[in-house]
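Peer 1: Here you go, sequence then predicted model.
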Amino acid sequence: MISLLEVPVAYLHEELRFSRRIATIISVLVIAALGSTATLSGSALAEFTILGRNMFDLQDFLSSNVLMPIGGIFIALFAGWKLGSRVIFDEATNQGTLNNNSFLAVYTFIVRYVAPVAIVVVLLYGLGIIKA
């Protein structure tokens, strides 16, 4: 829980210049409020729906079918186009100590072209735009 809380606290502290104490309080309150709606969707908020889903199902749908594929697309685009071949080579070969040159070309092709397209297909399937 503490490690998950560090990301919003660090953002509020470093980017928006809140004190760590205030950033922690804000983060805990927001996360508790969102988590409470999911928890209560089986009892007190059972009849409350958005887009035909209770809060638990809505949060599950958004995280599984929208946010994770979008995050995957951004990671694939960053790793394939921005990170650079030298960094990938160093990581894949332990700074050149392992002979794995053919891996780099295959990895780069997959991460640049195959992975983003595959993840977009997963996103569209999760949103119900593509049917099986």
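Peer 2: Nice, I can see it. Numbers count the residues shown, from 1 in each chain.
Peer 1: Any buried residues in the helix ranked longest in the chain, and which?
Peer 2: Ordering each helix of the chain by length in residues (DSSP state H) puts helix 20-40 first. Buried residues in helix 20-40, counting neighbours by 16 or more other C-beta atoms under 10 Å, are found at 23, 24, 27, 37, 38. All C-beta atoms are positioned from the backbone trio N, CA, C, and that covers glycine.
Peer 1: can you put those residues in CSV and add pLDDT?
Peer 2: Shown next, in CSV, are the buried residues of helix 20-40 (pLDDT from 0 to 100):
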residue, pLDDT
23, 97
24, 96
27, 96
37, 91
38, 89
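Peer 1: and these as CSV, adding distance to residue 107?
Peer 2: Below are the buried residues of helix 20-40 laid out as CSV (distance: C-beta to C-beta, whole Å):
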residue, distance to residue 107
23, 38
24, 39
27, 36
37, 41
38, 38
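Peer 1: circling back: how about the longest helix of the chain as CSV, C-alpha atoms only?
Peer 2: C-alpha atoms of helix 20-40 as CSV (Å, rounded to 0.1, in the frame of the first residue of the first chain):
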residue,chain,number,x,y,z
ARG,A,20,4.8,15.7,1.6
ARG,A,21,2.4,15.7,4.5
ILE,A,22,-0.3,17.5,2.5
ALA,A,23,0.4,15.4,-0.6
THR,A,24,0.0,12.2,1.5
ILE,A,25,-3.3,13.4,3.1
ILE,A,26,-4.7,14.4,-0.3
SER,A,27,-3.6,11.1,-1.9
VAL,A,28,-5.0,9.0,0.9
LEU,A,29,-8.4,10.8,0.9
VAL,A,30,-8.8,10.5,-2.9
ILE,A,31,-7.8,6.9,-3.0
ALA,A,32,-10.0,6.1,0.0
ALA,A,33,-12.9,7.8,-1.6
LEU,A,34,-12.5,5.9,-4.9
GLY,A,35,-11.9,2.7,-3.1
SER,A,36,-14.9,3.1,-0.9
THR,A,37,-17.2,3.4,-3.8
ALA,A,38,-16.0,0.1,-5.1
THR,A,39,-16.3,-1.5,-1.7
LEU,A,40,-19.8,-0.2,-1.2
